[in-house]
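Q: Build me a structure from this.
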Amino acid sequence: MKIDRLVSIIMVLLDKKRISSQALADMFEVSQRTIYRDVETINMAGIPIRSTPGVGGGFEIMEEYKLEKKVFSSSDLSAILMGLSSLSSMVRGEEVVQALAKVKSFIPADQAKEISLKANQIYIDLSPWLGNRNVQPYLELVKTALERNKLLAFDYVDRHGTRTTRTAEPYQLVLKNSHWYWQGYCHTRKDFRLFRLSRTLNLHMLGQSFIPKEYPKPQFDYPDFLAPSYTTITIRIHTSVMDKVLEYCTYDHFQPDGPEHYTVAFPFIENDYYYQILFSFGTECECLEPLDIRTEMKRRIEALASLY
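A: Residues are numbered from 1 along each chain as shown. Sure, this is the predicted structure:
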């Protein structure tokens with residue numbers, strides 16, 4: 001993981017006066033290009049690293065810069081520990097444990113209690129209460145394939161329910177809107193694709209390796225979400241579903257409507273996804289206007305009722 005590698009590079013430079021980019025690349029099993037990017041990131045963080053060319057050259061921390069454990073403030077260390085601890089709830093592995101141990105080694109004894117309290121003020125648990133039991137093991141499998149540059153074979157069910165068998169090169173794990181995705185180069189489609197982990201079936205890692213490509217920023221499954229044209233509808237909700245509705249709009253959209261209800265100016269796109277959001281509020285939500293949305297809600301309710 002990058003944060004583990006950055007902390008480790010800093011620790012190596014603390015112990016060694018000078019080390020070559022190739023030696024660092026070999027040490028961390030990455031390319032020299034990656035090491036140069038890491039050094040640039042460390043420089044941007046305020047730790048000046050000098051590069052000396054030629055025989056015997058390499059990277060070193062500038063002599064006039066005093067690097068001590070105080071290079072990280074208590075807030076810095078709290079934030080790093082908070083992120084690593086939360087990440088470890090879903091992405092398990094020895095490198096996460098090692099990164100936590102290394103970061104903790106920077107904590108001065110007299111600040112340990114303060115930093116521990118700050119790090120525990122926010123806890124992010126990405127694991128679901130219930131749901132698809134494959135997500136956790138598949139997440140670890142994709143992570144392993146990413147580290148080893150191994151091909152993945154799997155079945156995939158798209159949002160229309162079509163099931164296909166695929167082989168892909170994994171490039172990135174993405175957490176978006178509480179859902180895990182992984183981006184890969186699909187050998188079936190001959191292009192980069194973003195796969196939702198919960199729609200991935202029979203995932204297994206192949207023995208075949210691949211040479212990584214330059215990959216683009218991922219595009220999500222719903223292209224109409226990329227530049228949405230929102231309208232505003234009026235819904236009436238019971239206070240019992242307020243928390244759910246607040247996930248989609250802010251409290252200034254709410255107006256009291258009696259002791260137990262609110263009318264809400266609700267952002268809406270007319271597609272299946274947003275109709276499903278309204279239905280997720282159950283009988284505690286009524287669409288008041290516009291009339292065409294209310295009429296479509298009624299049609300969908302009648303179609304649902306006909307199944308029973």
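
Q: confidence score at residue 291?
A: We have a pLDDT of 94 for residue 291.

Q: again with the one 4 residues further on
A: Per-residue confidence at residue 295 stands at 95 (pLDDT).

Q: go on, residue 114?
A: pLDDT for residue 114: 70.

Q: Which residue ranges of the stretch 101-250 of the chain form helices?
A: 112-119, 135-148, 242-245 (DSSP state H, counting those that start in this stretch).

Q: Please identify the deepest-packed of these.
A: Of those, the one with the most neighbours on average (mean count of other Cβ atoms under 10 Å) is helix 135-148, at a mean of 18. (Each C-beta comes from the backbone N, C-alpha and C, glycine too.)

Q: just checking, what packs against that one?
A: strand 150-157, strand 163-176, strand 179-186, strand 200-209 (3 or more Cβ pairs under 8 Å, 6 or more residues apart in numbering; DSSP states H and E).

Q: worst-scoring helix or strand of the chain, pLDDT-wise?
A: helix 94-104 (a mean of 60; mean pLDDT, DSSP states H and E).

Q: closest one to residue 156 among the helices of the stretch 101-250 of the chain?
A: Across the helices of the stretch 101-250 of the chain, residue 156 has its closest neighbour in helix 135-148 (11.9 Å, Cβ to Cβ).

Q: C-alpha coordinates for that closest one, CSV please?
A: The C-alpha coordinates for helix 135-148 follow below in CSV (Å, rounded to 0.1, in the frame of the first residue of the first chain):
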residue,chain,number,x,y,z
VAL,A,135,-17.7,-9.0,-0.6
GLN,A,136,-15.1,-9.4,2.1
PRO,A,137,-13.2,-12.4,0.6
TYR,A,138,-13.5,-11.0,-2.9
LEU,A,139,-12.1,-7.7,-1.7
GLU,A,140,-9.0,-9.5,-0.3
LEU,A,141,-8.7,-11.6,-3.5
VAL,A,142,-8.7,-8.5,-5.8
LYS,A,143,-6.2,-6.8,-3.5
THR,A,144,-3.9,-9.8,-3.7
ALA,A,145,-4.2,-9.9,-7.5
LEU,A,146,-3.4,-6.2,-7.7
GLU,A,147,-0.2,-6.7,-5.7
ARG,A,148,0.9,-9.7,-7.8
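
Q: got the angle between it and strand 163-176?
A: With axes from the mean of the first three to the mean of the last three Cα atoms, to 10 degrees defining the directions, helix 135-148 sits at 90 degrees from strand 163-176.

Q: What is the neighbour count of the nearest residue to residue 146 once chain neighbours are set aside?
A: Of all residues not flanking residue 146 in the chain, residue 170 sits nearest, at 5.1 Å (Cβ to Cβ, 6 or more residues apart in numbering). Here the count is done by other Cβ atoms under 10 Å, and residue 170 has 26 residues near it.
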